[in-house]
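> Provide a 3D model corresponding to the input given below.
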Amino acid sequence: MTDLWTSAEIAAATGGQASATFSVTGVAFDSREVGPGDLFIALPGETTDGHRFVDQAFASGAGGAITARKVDHPHVLVADTAAALNALGAASRARTQAKIIGVTGSVGKTGTKEALFHALDRSAPGHAHRSLKSYNNHVGVPLSLSRMPRDTRYGIFEMGMNHAGELTELAKMVRPNVAIITAIAPAHKAFFDTVEAIADAKAEIFAGLEPGGTAIIPYDSPYAGRLRKAAERYAWRTVTFGLGESADVRAVDMVRAASGGTLVTVKLPRAEICLTIGQPGEHWVSNALAVLAAVEAVGGDLAAAGLALAELPGLPGRGARVQVSLPQGEALLIDESYNANPLSMEATLKQLGREQGRHLAVLGAMRELGEESDAFHAALAEPISAAAVDLVILVGPEMRPLAERLEGRIGIAHVADAEAAAERLKSELRAGDAVLVKGSNSVGLSRLVAALAGGKKES
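You can find the predicted model right below:
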């Protein structure tokens, strides 16, 4: 493999001192994820210290390390390993010639980031890079930057926040040529007084735009005007996407495809394209519009992007569709277990209502909604009714207001945790059912998905 970093480059980027000459082909801060040739960064933690795992990292094949004290392995010695990670990420950004796209938003960040990667990698195989998993915070972003190969043509980086000011710091590290906001919703409402304040915090991504950069914002959002005003302070061009007739990138026609996805005609500023979006649901139409807007903005291949969107695989925890084997046949499990807020709950329930068979929903609590938590949970009663849900299993004490609102209207089970939800669902699930599993990640509904998905196959 081509060297990602040499010891001399690491030392120059971090201001450290190399103990020996070495080169690495990857970067990791979790010793359990270190592979042959990786650079291990010994980060301090709240409960442990990465220096305790240096020997383990080298036993797994690490090619070098960044440490804050001398160790008996090839390393670059620095004063502060967390600062060194930031510096390495900044150095990676400084040396690349790639077009960089930053993605944020209350919902759809990871799906849009993954779709963008597949869209750009389709026309430039092996030359697109993106942040893995949901590495979107003060550690994940510099790590993802530091992993970017030298010959990258397109880099896609997800950025998240739950407090004002956080995105400014991340965006100035990523320095995107294109910055996308997918949507605004009351996610992390516990940390903000209003949803307008959430919109302002998301708009901090524009502060990192490179000269001549493009801001991409959701036209249909009630906060579009606010986002545009923020973008115009930094962006050379602002592009809107959505269903409204005045959106710069808009869906002209939409028809449900036989595969369950959507056949859509999209009008862009300089092109028009017909494509099939493989993932079902109107929220994926919105994601795809943002993707196509970004592909056009960086001069990518729209036709290749369309093919990639048609073949985009489901993401575990974010819409993966799994066929669960039962004695009498199969049931469809829609895995949305990674996260939840009022907007994403409504969107996925709407899609559940379009599925064949009996509709079941396992809904976990939506966390970090602050003083309005009870009201937000109770308000899910209407999209649940609209989706013709036959049985809803509610998980966590935060779901009590919703259970009370639904009492007598549909079948309800209100349980304490994911394990109890799994037992109840197993007793209820029948062949031909469609079941949505969605909740905040801390509820642990991914364990329910894993328990049901033995012998699974994706549809």
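
> thought Ile205 was touching Leu167, still the case?
Yes - with contact defined as Cβ atoms under 8 Å, Leu167 reaches Ile205; the gap is 5.3 Å. C-beta coordinates here come from the backbone N, C-alpha and C atoms, glycine included.

> looking at these two, which has the bigger crowd around it?
Neighbours were counted for Leu167 and for Ile205 using other Cβ atoms under 10 Å; Ile205 has more, 29 against 26.

> residues contacting the most centrally placed residue in the chain?
With distances taken as Cα atoms, centre = their mean, Thr110 lies nearest the centre of the chain, 1.7 Å away. Neighbouring residues of Thr110 by Cβ atoms under 8 Å, 6 or more residues apart in numbering: 134, 136, 158, 315, 318, 338.

> shared neighbours of Leu167 and Ile205, which are they?
Shared contacts of Leu167 and Ile205, defined by Cβ under 8 Å, 6+ apart, are found at 104, 159.

> what sits against the closest residue to Ala91 other than its chain neighbours?
Closest residue in space to Ala91, ignoring its immediate chain neighbours: Ala13 at 3.6 Å, by Cβ to Cβ, 6 or more residues apart in numbering. Counting by Cβ under 8 Å, 6+ apart, Ala13 makes contact with 84, 87-88, 90-91.

> what do you get for Val139?
Contact analysis of Val139 by Cβ under 8 Å, 6+ apart lists 29, 43, 82, 85.

> make JSON lines from the residues you listed and add distance to Gly329, neighbour count and secondary structure to it.
JSON lines is the format used below for the contacts of Val139 (distance: Cβ to Cβ, whole Å; neighbours: other Cβ atoms under 10 Å; DSSP: H, G, I helix; E, B strand; the rest coil):
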{"residue": "Phe29", "distance to Gly329": "45", "neighbour count": "24", "secondary structure": "coil"}
{"residue": "Leu43", "distance to Gly329": "48", "neighbour count": "20", "secondary structure": "coil"}
{"residue": "Ala82", "distance to Gly329": "52", "neighbour count": "17", "secondary structure": "helix"}
{"residue": "Leu85", "distance to Gly329": "50", "neighbour count": "24", "secondary structure": "helix"}
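
> using JSON lines, lay out these together with pLDDT and distance to Asn441.
Output for the contacts of Val139, formatted as JSON lines (pLDDT from 0 to 100; distance: Cβ to Cβ, whole Å):
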{"residue": "Phe29", "pLDDT": "94", "distance to Asn441": "20"}
{"residue": "Leu43", "pLDDT": "95", "distance to Asn441": "22"}
{"residue": "Ala82", "pLDDT": "96", "distance to Asn441": "24"}
{"residue": "Leu85", "pLDDT": "97", "distance to Asn441": "24"}
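
> now the two most distant members of those.
Spanning the widest gap among the contacts of Val139 are Phe29 and Ala82, at 9.4 Å by Cβ to Cβ.

> common neighbours of the two, please.
Residues touching both Phe29 and Ala82 (Cβ under 8 Å, 6+ apart) are 43, 139.

> with the contacts of Thr110 in mind, which one is nearest to Ile181?
Nearest to Ile181 out of the contacts of Thr110 is Glu158 (Cβ to Cβ; 12.1 Å).

> that closest one pairs with what?
Beta bridges link Glu158 to Val103, judged by DSSP bridges.

> and the closest residue to Pro211 other than its chain neighbours, what is it in contact with?
Closest residue to Pro211 apart from its sequence neighbours, by Cβ to Cβ, 6+ apart: Trp236 at 7.2 Å. Contact partners of Trp236, counting by Cβ under 8 Å, 6+ apart, are 211-214.

> which of those has the largest number of neighbours?
In terms of neighbour count, Thr214 stands highest of the contacts of Trp236 at 23 neighbours, by other Cβ under 10 Å.

> so what's that residue up against?
177-179, 235-239, 297.

> the residue nearest to the centre of the chain sits in which helix or strand?
If you go by DSSP states H and E, Thr110 is part of helix 109-123.

> Ala375 now?
Using DSSP H and E, Ala375 sits within helix 373-378.

> and for Asn86?
Going by DSSP H and E, Asn86 is part of helix 81-95.

> for Pro181, what are phi and psi?
You called it Pro, but residue 181 is Ile. Backbone geometry at Ile181, expressed as degrees, to the nearest 10, gives phi -110, psi 120.

> which strand residues bridge it?
Counting by DSSP bridges, Ile181 is bridged to Thr104.

> close enough to count as contact, Gly396 and Leu363?
No - distance between Gly396 and Leu363: 9.1 Å, which falls outside the contact criterion (Cβ under 8 Å).

> pull up the overlap in contacts between these two.
In contact with both Gly396 and Leu363: Gly439, using Cβ under 8 Å, 6+ apart.

> ok, those two, which is more surrounded?
Leu363 (28 against 24).

> what lines up beside the strand or helix carrying that one in the sheet?
Using DSSP H and E, Leu363 falls within strand 359-364. Looking at strand 359-364 with DSSP bridges, its partner strands are strand 391-395 (parallel), strand 434-438 (parallel).
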